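Chemist: Mind folding the following:
(chains A, B, C and D)
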Number of protein chains: 4
Amino acid sequence: MANSKYEYVKQFEQPDNLLPNTWIVVRIDGRGFTKFSTKYGFEKPNDKRALELMNAAARAVMAELPDITIAYGVSDEFSFVFHKTCSLFERRSSKLVSTIVSTFTAYYVHLWPIHFSDTPLSPPLPSFDGRAVCYPTVQNLRDYMSWRQVDCHINNLYNTTFWALIQLGGIDPTEAEKTLKGTFAADKNEILFSKFAINYNNEPEMYKKGSVVFRDVSISGNYELVEPGTHNATAEADSLAEPIQQSKTQAENDKKRRAKAPIVVQHLDIIKDDFWDRRPWLLSNKPGKVPKEP
Amino acid sequence: MANSKYEYVKQFEQPDNLLPNTWIVVRIDGRGFTKFSTKYGFEKPNDKRALELMNAAARAVMAELPDITIAYGVSDEFSFVFHKTCSLFERRSSKLVSTIVSTFTAYYVHLWPIHFSDTPLSPPLPSFDGRAVCYPTVQNLRDYMSWRQVDCHINNLYNTTFWALIQLGGIDPTEAEKTLKGTFAADKNEILFSKFAINYNNEPEMYKKGSVVFRDVSISGNYELVEPGTHNATAEADSLAEPIQQSKTQAENDKKRRAKAPIVVQHLDIIKDDFWDRRPWLLSNKPGKVPKEP
Amino acid sequence: MANSKYEYVKQFEQPDNLLPNTWIVVRIDGRGFTKFSTKYGFEKPNDKRALELMNAAARAVMAELPDITIAYGVSDEFSFVFHKTCSLFERRSSKLVSTIVSTFTAYYVHLWPIHFSDTPLSPPLPSFDGRAVCYPTVQNLRDYMSWRQVDCHINNLYNTTFWALIQLGGIDPTEAEKTLKGTFAADKNEILFSKFAINYNNEPEMYKKGSVVFRDVSISGNYELVEPGTHNATAEADSLAEPIQQSKTQAENDKKRRAKAPIVVQHLDIIKDDFWDRRPWLLSNKPGKVPKEP
Amino acid sequence: MANSKYEYVKQFEQPDNLLPNTWIVVRIDGRGFTKFSTKYGFEKPNDKRALELMNAAARAVMAELPDITIAYGVSDEFSFVFHKTCSLFERRSSKLVSTIVSTFTAYYVHLWPIHFSDTPLSPPLPSFDGRAVCYPTVQNLRDYMSWRQVDCHINNLYNTTFWALIQLGGIDPTEAEKTLKGTFAADKNEILFSKFAINYNNEPEMYKKGSVVFRDVSISGNYELVEPGTHNATAEADSLAEPIQQSKTQAENDKKRRAKAPIVVQHLDIIKDDFWDRRPWLLSNKPGKVPKEP
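Modeler: Numbering: from 1, shown residues only, chains lettered A, B, ... in the order given. Next comes the predicted model:
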C-alpha cells in the first residue's frame, strides 16, 4: 500500500523559522490560574510553595535545554531566553515553544507532590500556553526583561497592600479595591507601614523581584564575577561583528561548559546594568571568555 | 515607577492567526521516545500500556477543549482537528499548539502511574512537541488523516514482522533488517504466516489502525448513526455556503451538546467514506443536525 | 575574491509561500489618486479615459500572466484572481504581488498617451500598491468579488448624486455632503430623478458595475456559454476531490488554451450565480471541460 | 444595499508587518531581462544607457520615498534600504515592496525615451519583481551590501573577459566559456591585459563597483564629510540604546532635512568602513548629528 497518494498533504506545512541573529524569548503563562489557585488554596498574596514549584520546573527546563541562556519568572509566568546565535530546531517557533511548554508542564505536574505534599492534583490539571518573540538587540531584550520585573514589582506592591487590608485590616475585597484606587507606590508603602507596621522593603526578595534562573559559570570553578564598572556587557554583545552562528565545534564546546555549570535561582535586580555586566557570559554566550583572575 | 518606558517591547510580538475557514490540525510528537521507550522497557513492537496512556491523555485534552472535533493517534504521535469554523483563541497558532501540548503532557505525566503502576517516572521526563497546519478542504483534511493511518499500517506491519523475526525467529536486529529489505506487504504477511503462524489480520485493531478519538453524539441518546450510502459528508461539508463563523448563540449551544457527548476511543478505518458518512456531525460541526429517527 | 563570506545574509530571507489549494487575490490600489486625478483633471464623478486606461493595463497584465483567472476593477483599484491550483512562482506572495503591480504600472504609464493624448505625464508619476489574500472556498472568493462590486455600486450612486448636486444643482461640496448625509439608495435615486431628470439605471454600465476582465473561451470558437440553471459552478468547484496541483502536462495544455482565448472586458453582475454558472471554466480552470454543442 | 454581508472577507487579510528595529532591504530584479536586453540590443558586457536608466529610476524612487536611506544597484537589480527605525506603512512588507516596485517601474518606462531615444518600448514591457528582507544589525546590513558589490565585481570581471574574447578575440561564446572555466580573478586580469591590452582597473567605475544612491547631506551645505578614522559608524549605530521609533516631531524634522539633501549617484567601494564612517548620517538616520566644522 503506497503512501505517496496522501503525502502531498505535507505541502500545507508552512515554515515558521524565526529571524536569525535575534534574541528569542519564549514566554509561558498558566492557563486559568486564578481558578486553579483557588482550587488548591494558594496563599495570598504569594504562595511560596507555588512559586518554588514554578522555579523548580524552570530549572528542569533549563537543564534539559542547554541552549537557554536565562529565564525570568513571576507569578504564573516564565520567560525563557535563547541567545541570538541559537540554532536549536532551526529556530522553528512552534517547535521551540511547544518543547518548552511541554517540558515545563511535565515537571510542574511531576514535582507537584514535593511542593504540595498534602494536596494531590486532580483534573482539570494545570497547563500553560506560550509564544515566541524575537528581539533584535540586547537593549530590546533587556527592556523586555525589565518590563516583566517592573510588572512584578507593581503587582506585588498592589497585592501585598490589597491582601493586608483584607487579612489584617478586616475589610472586604470591594472595599480594599476602592481604598487602593488611584494610589501611588508611596501611598501603598505608607498604608502598609502606618496601618500594619509592614516595611515593604523587608518583604521576601522572591516576591518583590521575581526569580532569575541562569547557569552560574562562576560557581563551576573556572570563572568569577566581573568587577562592576569594568565592563559594558550590553554594548559589547550588540557591537560584536560576528558570524550569526558559531562554528559547530565551538558551539559544542560552549554547550558542554554551560551544561556543566550549576543552574541557580536568584532574586536579583535585572533592570540595572550591574547584573549583566558582572556576568558577561550571559549575553556573550561565551562561558570561556572570562578567565579566573589569579 | 511607571512601566510605560518598557512597554514598547510588546510591539515585537507578531500575530500568528491561522487563515479563517480552514481545518486546523495540531499534531504532537513524543520527543526522543525511542530512548524513552527503552528506559521504561516498552514492549515491542507495541506496548499496550503506552498506547492506552496516549489515548487517555488525548481523551482528557478533548474533554478540556470541546472545540476539538476529532483526534487520531498512533505510536507516540497524536493529531487534533479543529473544525474550520473554530475561533478558539482567535485561531492563534502558538496558543492552540502550546495549549494542546501542555494539556496532553500534564495528563500523560499525571496518568502514568495508572498505566505503568510499577515504574515511576524519573527525569528526564516525557515531553512532546507540536505544530499546527491548515487544510482548506475536507478532502485535504481527510487525506491528511488517511496519510497518518496508512503510515500506521505500514509501520505496524513492518514492526510486527521485524520483532517476530527477532523474538520468535531468534535472529538479531541487523539480520532482521536485511531480511525485510525490499519486501512488499504481501511478503511480510507471508513471513508472519509461514514462519510464525501469525495471521496479521488477527492482530489487535489498535495496533493495525491506530486510535480515533471523538465525541459520539449517537451515544448521548439524541441521535443515531446514519445509514451508510445515504449521505456524502465530505461533499456536503465543503459545499456549505455558510458564514465562516457561527453565531455566538449557536456556537455556544453546539459546544454544550458536544461537551455532553461521551468521548470514545475506537480503532476504525478512517480512510474510507463510511466512517465519515455515518457520523456527519464530525464534519458539519452540527451535533443537532441529525435528528433521531422515530 | 570569494563571495562566500557574505553569503550567509541569504539566511535572513523568510519564505512567504501562500497556503496551497486556496484562491489567491492580488488587489492593487492607486497611490494618492485623489491628488493625481486632480492634477490631470479627471472628470467627476467618473473619467471614462482613466477607467479605460485601468482596464487596458489590467488586460495587458492578464495577457502576460496566463495564470490569472479573472480580474475585477473599479475606480483606481483592480483585483486579480489566481485559481486555487495555481503554482506560479511557487505561490510566493511578494513575487506574485510585485510582478502584478510592476506589470500593471508599466502598462499604465506606457498606455497613458493613448488615453490622455493631450496631457503628458510628469513626476510624481502614478503608482500602485498591492497585497495578496487567500480565500479557501469559491464561496469566500465570490463573496470577496461581491464585496467589491457592491462597493462600486454604493460609491457610484453616492458620487453620481453628489456631483449632480454640484455640477447641475450649483451647490458647493459641503452643502452637497450635508444633503446626502443619512440618505438611503432610494433617496439618492429620487434626488437624481426629481431634481435632475437622471434615471440612475441608464447610467453607463462601466460606472455602475465596474469592469470584469477574463478570458472568454466561448469566443475562441471551441465552447459556448452554458445555459443558466443547468449548472452550479460554485458547488462543483469546491466539491472537486482533486489533487491540489494538476499534472504538468495538463497544466501546460490548459495554459495554452487559456492563452489563446481572447481577453474581454465586460460590465456584468458578478454577484448573482448566473455569471459564474454560464462560464464554468473560470472556476474549474478547465477550458476544455465544456464541449461545443453541435 | 448593505455591504456588511460580504465584509467578513476582510478577515482573511493576514498582517505582514516586519519585525521592528531591524533594517529593511527591498530588492527588486528585472523580470526576464536576458530576453529583454536582446530585444533592445543592449551592449555587452555593459550597456551604459540601461544602467543610467536604472540609476535614474532609483533616484526617482528615493525622491518620492524619503524614508529610504540608501540604495545600491548593479545590472538589472536594485536594493533599497530603510533605516531600522523606519515606520513607513507600519512596516507592512507587501506595501513597502509593491510601492517601490511600482514607482521604480513607472520611472523606468517613463524615462526610457530619454535613455533609449531611438528605440521605443513595445509589449511585452519591462517589469520587476521584489521582496523585503530584515537585517537585525548594521553588520548584517553591510554584509548584505558587500555581498551585492562583490557579486558585481565577480560578474563584471567575468563578463568583461568573456565578451573581450568574443568581440576582440573573435571566438564564439561556447569557446569563451570553455576558456574561462576554472580561472581565477588573476587569470582573467591576465587574459584581458596580455591578449587585449585591457587594464581591468581602468574600466569604468560604474561597471566595476555598481551604483550607490544616497542623500548627500554634506552637499546641502550644512555638514561635511567626516574625517576617516575618527568615527566607527557601524558600532555606533548598533550600540545606540534608543527607542525603536523616533518622536513624531524629530522624525518629521529629519525627514525634511533628508528630503532637502541632493540625491547623488556614485560608484564607490561600500565594502570597506571608509564609505560609512565618513557619512555617519546614513546609519544614524540623523542628518543633524554632524555639525559643519568651522
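Chemist: Okay, now the sheet partners of whatever helix or strand residue A:132 lives in, with direction.
Modeler: Using DSSP states H and E, residue A:132 falls within strand A:128-135. Looking at strand A:128-135 with DSSP bridges, its partner strands are strand A:23-30 (antiparallel).
Chemist: Name the surrounding residues that touch whatever helix or strand comes next after the strand it pairs with.
Modeler: Using DSSP H and E, the next helix or strand after strand A:23-30 towards the C-terminus is helix A:33-39. Helix A:33-39 has contacts (CB atoms under 8 Å, 6 or more residues apart in numbering or on different chains) with A:30, A:47, A:50, A:75, A:76, A:126. C-beta coordinates here come from the backbone N, C-alpha and C atoms, glycine included.
Chemist: now, which of the residues you listed sits nearest chain C?
Modeler: Nearest to chain C among those is residue A:30, at 31.6 Å by CB to the nearest CB.
Chemist: In chain A, spot the helix with the most residues.
Modeler: helix A:138-167 (DSSP state H).
Chemist: near chain B at all, it?
Modeler: Yes. For a cut-off given as CB under 8 Å from any CB of the partner chain, helix A:138-167 has contacts with chain B, namely A:140, A:143, A:144, A:146, A:147, A:150, A:151, A:153, A:154.
Chemist: Check the burial of the first one by counting its neighbours.
Modeler: This means residue A:140. The number of residues packed near residue A:140 is 25, by other CB atoms under 10 Å in any protein chain shown.
Chemist: cool, and the fourth one?
Modeler: The burial count assigned to residue A:146 is 18, neighbours taken as other CB under 10 Å.
Chemist: ok now do it, which residues does it touch?
Modeler: Counting by CB under 8 Å, 6+ apart, residue A:146 has contacts A:270, A:271, B:6.
Chemist: can you rerun that using 6 Å?
Modeler: A:271, B:6 (CB atoms under 6 Å, 6 or more residues apart in numbering or on different chains).
Chemist: got the residues of chain A near chain C?
Modeler: Taking CB under 6 Å from any CB of the partner chain as the contact definition, chain A meets chain C at A:11, A:12, A:15, A:20.
Chemist: Give me the pLDDT for the closest residue in space to residue A:193 that isn't next to it in sequence.
Modeler: Among residues not flanking residue A:193 along the chain, residue A:199 sits closest, at 6.1 Å (CB to CB, 6 or more residues apart in numbering or on different chains). For residue A:199, the pLDDT comes out at 98.
Chemist: any idea how far residue A:190 is from residue A:199?
Modeler: 11 Å (CB to CB, to the nearest Å).
Chemist: returning to what we had before: if you compare the directions of the helix or strand following the longest helix of chain A and helix A:138-167, what angle comes out?
Modeler: Remark: after helix A:138-167, the chain's next helix or strand is helix A:173-180, criterion DSSP H and E. Going by axes from the mean of the first three to the mean of the last three CA atoms, to 10 degrees, helix A:173-180 is angled at 120 degrees with respect to helix A:138-167.
Chemist: so what secondary structure elements neighbour helix A:173-180?
Modeler: On a contact count with 3 or more CB pairs under 6 Å, 6 or more residues apart in numbering or on different chains; DSSP states H and E, helix A:173-180 meets helix A:138-167.
Chemist: Output the strand holding residue A:132 as PDB, nothing but the C-alphas.
Modeler: The C-alpha coordinates for strand A:128-135 follow below in PDB (Å, rounded to 0.1, in the frame of the first residue of the first chain):
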ATOM      1  CA  PHE A 128       0.400  26.600  30.300                       C
ATOM      2  CA  ASP A 129       0.400  28.300  26.900                       C
ATOM      3  CA  GLY A 130       3.300  30.000  25.300                       C
ATOM      4  CA  ARG A 131       4.600  32.100  22.400                       C
ATOM      5  CA  ALA A 132       7.900  33.200  21.000                       C
ATOM      6  CA  VAL A 133       9.000  36.800  20.300                       C
ATOM      7  CA  CYS A 134      12.200  38.000  18.700                       C
ATOM      8  CA  TYR A 135      14.200  40.900  19.900                       C
END
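Chemist: Work out the gap between it and the centre of the chain.
Modeler: 12 Å (CA atoms, centre = their mean, to the nearest Å).
Chemist: Now do it, average pLDDT.
Modeler: 98.
Chemist: again with stretch A:7-20
Modeler: 97.
Chemist: quick one: residue A:193 and chain C, what's the gap?
Modeler: 54 Å (CB to the nearest CB, to the nearest Å).
Chemist: does that residue sit in a helix or strand, and which one?
Modeler: Counting by DSSP H and E, residue A:193 is part of helix A:185-196.
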